[in-house]
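In: structure, please.
(one chain, ligands or ions: 2)
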Amino acid sequence: MSTHLLAIDQGTTSTRAIVFDAGLAPVASAQREFRQIYPRPGWVEHDPEDLWATTVATVSEALARAGLHAADVAGLGIANQRETVVVWERATGRAIHNAIVWQDRRTAEVCARLEAEGAGSEVAAKTGLLLNPYFSAAKIGWLLDRVDGARARAEAGELLFGTVDSYLIWRLTGGAAHATDATNACRTSLYDIHAGRFDDDLCRLFEVPRAMLPEVFDCAGDFGATSPDVFGGSIRILGVAGDQQAATVGQACFEPGMAKATYGTGAFALLNVGERPVISRNRLLTTVAYQLGGVRTYALEGAIFVAGAAVQWLRDGLGLVREASETQALAEAADPDQDVYLVPAFVGLGAPHWDAEARGALFGLTRGAGRAEIARAALECVGYQTRDLLEAMQADWPEAAGVRTVLRVDGGMAASDWTLQFLADVLDAPVDRPIAPETTALGAAYLAGLAAGVCPEPADFAAAWRLERRFAPQMDPARRSRKIAGWRDAVRRTKTDLR
Ligand SMILES: Nc1ncnc2c1ncn2[C@@H]1O[C@H](COP(=O)(O)OP(=O)(O)O)[C@@H](O)[C@H]1O
Ligand SMILES: O=P(O)(O)OC[C@H](O)CO
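Out: Ligands and ions are numbered 1, 2, ... in the order given. Just a heads-up that it's a prediction; the model follows:
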């Protein structure tokens, strides 16, 4: 009998597979990191074969650890790094180039040109996104123009485009399904989030042939079945969502006004705004939070490009710590009277600033500043950036007053108690960390379980959400105001447009 659920979390730096029991308790997992390829400054690529190989390896390992076979799995859910582009041959499944990763800035010029030509307002109105190299469409255009013969082959229907979910589905099903879900489609810049379909005018604008695009489905539904040769038996693929939307589902943010923030390499805050999209006036993104039963629920999203990556920089770039967790003791030991700020604009600034040219800076250094103050600044910048996002959300959507009440958090950096306490302090709002740490995989497994009929409806799933620890604000208001003013000043001095 098929009793278990399987989730693949294909992230930016690693691939994870987790087996859950029917009650959504994790049973076994496996994780593999893979190569980050930086061909030039600002360019980031992945080898699609690495994405595929780590997916197969982690699923096989997780199943073996759980002592289960493919036949024991009621459904597979996929959550994936979003926006990253793969173009492959329909006939062979071979990618024509490395995947161009969401962080990659090589299309900055194209985006700036389209902006100068006035395309930004049409893109924003239809897609809820900004013209920025972050999103998929310009990356597809780059591949079609730079890989020999690719454009003609794409127009002839020989090449297919997909975000990582589509590419994995194609490979898993042995080329039987070219599919994606609405949460991934809405990050391409080609998808009309109001009409719920790829848009011909946007395809023309970005010069992407329609024939390359996958079919778009609900997040819970039938995406095909894995070829029996991949996992020694066929498994039905029943859930798909971009990783941030999967975490929103895993955190059970099903009511308008509920928000989650995931702190991994970058950080992504999503606020559920209900079934009517809210178009941002403060440079946030409007995105599909999830689509179930043909009904789209929307979110306002703020993307911070550097969160845990700032801690990685302390470790790998500066050699200030050997382990990320050492930052906690350093932050505790830092001098409270020294206000050192790190603006981590290593790859520009994301929401709400969207300054692609800005670069990182440290402010407030005195002769007394040292390891501890710099480490604390790296943790604090995550809190300040989140505050900037939530303020923009409140300005965009007055009903977001509820966001001040609670923010649900997850991701690798949410392991840091010090960071979450500072986050609560600087937001002046409680921050809730759930018992289930792998909310992204949990969300993907839940979507698959919903389609398989083994998981309860969203309201019952939400009722089962369990708090591990609440971080309540404790900071003295005068101190909070002073620190926030200092952050704002630091950001202002970092931005290239000096606003
Ligand atoms: N105890 C900790 N304190 C601060 N940062 C941490 C801690 N543990 C992990 N991190 C950071 O969390 C990130 C990893 O989170 P993860 O969710 O696995 O990221 P991703 O999915 O983006 O690969 C790393 O950037 C790491 O520096
Ligand atoms: O893989 P993560 O966790 O870094 O998330 C990446 C996002 O989906 C990019 O939009």
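In: hey, where'd the helices end up in the stretch 101-250 of the chain?
Out: Remark: helices assigned in the stretch 101-250 of the chain by DSSP state H, counting those that start in this stretch are 108-116, 120-127, 136-146, 150-155, 164-172, 182-185, 200-205, 228-231, 243-250.
In: which among these is found nearest to V288?
Out: Proximity to V288 (CB to CB) singles out helix 182-185 among the helices of the stretch 101-250 of the chain, at 4.7 Å. For every residue, glycine as well, the C-beta is placed using N, CA and C.
In: most tightly packed of the helices of the stretch 101-250 of the chain?
Out: Ranked by average neighbour count under the criterion mean count of other CB atoms under 10 Å, these are headed by helix 243-250 at a mean of 32.
In: is ligand 2 contacted by that one?
Out: Yes - judged by CB under 6 Å from any ligand atom, helix 243-250 comes into contact with ligand 2 through D243, Q244.
In: helices or strands up against the following helix or strand past that helix?
Out: The helix or strand immediately downstream of helix 243-250 is strand 259-263, counting by DSSP states H and E. Judged by 3 or more CB pairs under 8 Å, 6 or more residues apart in numbering; DSSP states H and E, strand 259-263 is in contact with helix 243-250, strand 267-274, helix 371-396, strand 407-410, helix 439-452.
In: 6 Å instead, please
Out: Applying 3 or more CB pairs under 6 Å, 6 or more residues apart in numbering; DSSP states H and E, we find strand 259-263 packed against strand 267-274, strand 407-410.
In: show me the residue at the heart of this structure, geometrically.
Out: Q244 (4.2 Å; CA atoms, centre = their mean).
In: which strand is the longest one in the chain?
Out: strand 295-304 (DSSP state E).
In: CA-only coordinates of it, as CSV, when you get a sec.
Out: Presented in CSV, the C-alpha positions along strand 295-304 are these (Å, rounded to 0.1, in the frame of the first residue of the first chain):
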residue,chain,number,x,y,z
VAL,A,295,-8.1,29.2,-8.0
ARG,A,296,-5.1,31.4,-7.7
THR,A,297,-4.1,32.9,-4.3
TYR,A,298,-1.7,35.8,-4.6
ALA,A,299,1.1,37.1,-2.4
LEU,A,300,3.2,40.2,-2.2
GLU,A,301,6.8,39.2,-2.2
GLY,A,302,10.0,40.8,-1.1
ALA,A,303,13.3,39.3,-2.2
ILE,A,304,16.6,39.9,-0.3
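In: quick one: the residue nearest to the centre of the chain and A95, what's the gap?
Out: 24 Å (CB to CB, to the nearest Å).
In: can you list the residues of this structure near ligand 2?
Out: G11, T12, Q81, R82, E83, W102, G242, D243, Q244, G264, T265, G266.
In: the same query, at a cut-off of 5 Å, please.
Out: G11, T12, Q81, R82, W102, D243, G264, T265 (CB under 5 Å from any ligand atom).
In: give me the subset of the residues you listed that also touch ligand 1.
Out: The subset of the residues of the chain next to ligand 2 within reach of ligand 1, by CB under 5 Å from any ligand atom, is G11, T12, G264, T265.
In: can you name the residue of the stretch 201-350 of the chain nearest ligand 2?
Out: Nearest residue of the stretch 201-350 of the chain to ligand 2: G264, at 3.9 Å (CB to the nearest ligand atom).
In: I'd say that residue and V409 touch.
Out: No - the criterion here is CB atoms under 6 Å, and G264 misses it with V409 at 11.3 Å.
In: isn't there a strand covering T15?
Out: Yes - applying DSSP: H, G, I helix; E, B strand; the rest coil, one finds T15 inside a strand.
In: about what we covered before: the residue of the stretch 201-350 of the chain closest to ligand 2 - nearest residue in space that isn't next to it in sequence?
Out: Distances taken as CB to CB, 6 or more residues apart in numbering place G411 nearest to G264, at 4.4 Å, with adjacent residues excluded.
In: do V208 as well
Out: By the measure of CB to CB, 6+ apart, the closest residue to V208 outside its immediate chain neighbours is I140, 5.0 Å from it.
In: next one: the one you found from ligand 1, what distance?
Out: Counting by CB to the nearest ligand atom, to the nearest Å, the gap from I140 to ligand 1 is 23 Å.
In: give the rounded mean pLDDT of stretch 381-393.
Out: Mean per-residue pLDDT for stretch 381-393: 94.
In: oh, that last question was meant for stretch 121-141, not what I typed.
Out: Rounded mean pLDDT across stretch 121-141 is 94.
In: end to end on that stretch, go ahead and measure it.
Out: End-to-end span of stretch 121-141 (CA to CA, to the nearest Å): 20 Å.
In: returning to that earlier point: closest one of the ones next to ligand 1 among the residues of the chain next to ligand 2 to R32?
Out: Looking across these and measuring by CB to CB, the closest to R32 is G11, at 10.8 Å.
In: show me what contacts the residue nearest to that closest one when sequence neighbours are not counted?
Out: In space, and not counting its chain neighbours, G11 is closest to Q81: 5.4 Å by CB to CB, 6+ apart. Counting by CB atoms under 6 Å, 6 or more residues apart in numbering, Q81 makes contact with G11, T12, V164.
In: same thing but 7 Å
Out: Q81 makes contacts with Q10, G11, T12, W102, V164, D243, as judged by CB atoms under 7 Å, 6 or more residues apart in numbering.
In: now do it against A329, distance only.
Out: Applying CB to CB to Q81 and A329 gives a distance of 31 Å.
In: do the same with D243
Out: According to CB to CB, D243 and A329 sit 30 Å apart.
In: neighbours of the closest residue to Y341 other than its chain neighbours, how many?
Out: Using CB to CB, 6+ apart and skipping the chain neighbours, the partner closest in space to Y341 is A490 (4.0 Å). Residues near A490, counting by other CB atoms under 10 Å, number 21.
In: so which elements touch the host helix or strand of A490?
Out: For A490, the host element (DSSP H and E) is helix 477-494. Contacts defined by 3 or more CB pairs under 7 Å, 6 or more residues apart in numbering; DSSP states H and E place helix 477-494 against strand 341-343, strand 361-363, helix 417-427.
In: winner for burial among these?
Out: Buried most deeply of those, by mean count of other CB under 10 Å, is strand 341-343, with a mean of 25.
In: list the contacts of that strand.
Out: Contact with strand 341-343 is made by 310, 360-364, 377-378, 381, 486-487, 490-491, 494, as judged by CB under 7 Å, 6+ apart.
In: against ligand 1, how distant is the residue in the chain sticking out farthest from the centre?
Out: Ranked by distance from the centre of the chain (CA atoms, centre = their mean), the top residue is R367, with 38.5 Å. Going from R367 to ligand 1 by CB to the nearest ligand atom gives 27 Å.
In: likewise L320?
Out: For L320, the distance to ligand 1 equals 12 Å [CB to the nearest ligand atom].
In: not counting sequence-adjacent ones, nearest residue to that residue?
Out: That would be L314: by CB to CB, 6+ apart, it lies 4.5 Å from L320.
In: and for W170?
Out: What sits nearest to W170 in space, not counting adjacent residues and going by CB to CB, 6+ apart, is H178, at 5.9 Å.
In: was I right to think the one you found contacts P214?
Out: Yes - H178 sits in contact with P214 when judged by CB atoms under 7 Å, with a separation of 4.7 Å.
In: the more surrounded of those two?
Out: P214 (23 against 20).
In: break the chain into its domains for me.
Out: Annotated domains of the chain cover 4-243, 252-434+466-499 [automatic domain parsing].
In: for ligand 1, what are the nearby residues on the stretch 301-450 of the chain?
Out: Selection of the stretch 301-450 of the chain residues close to ligand 1 by CB under 5 Å from any ligand atom yields G308, V311, Q312, A324, S325, G411, G412, M413, A415, S416.
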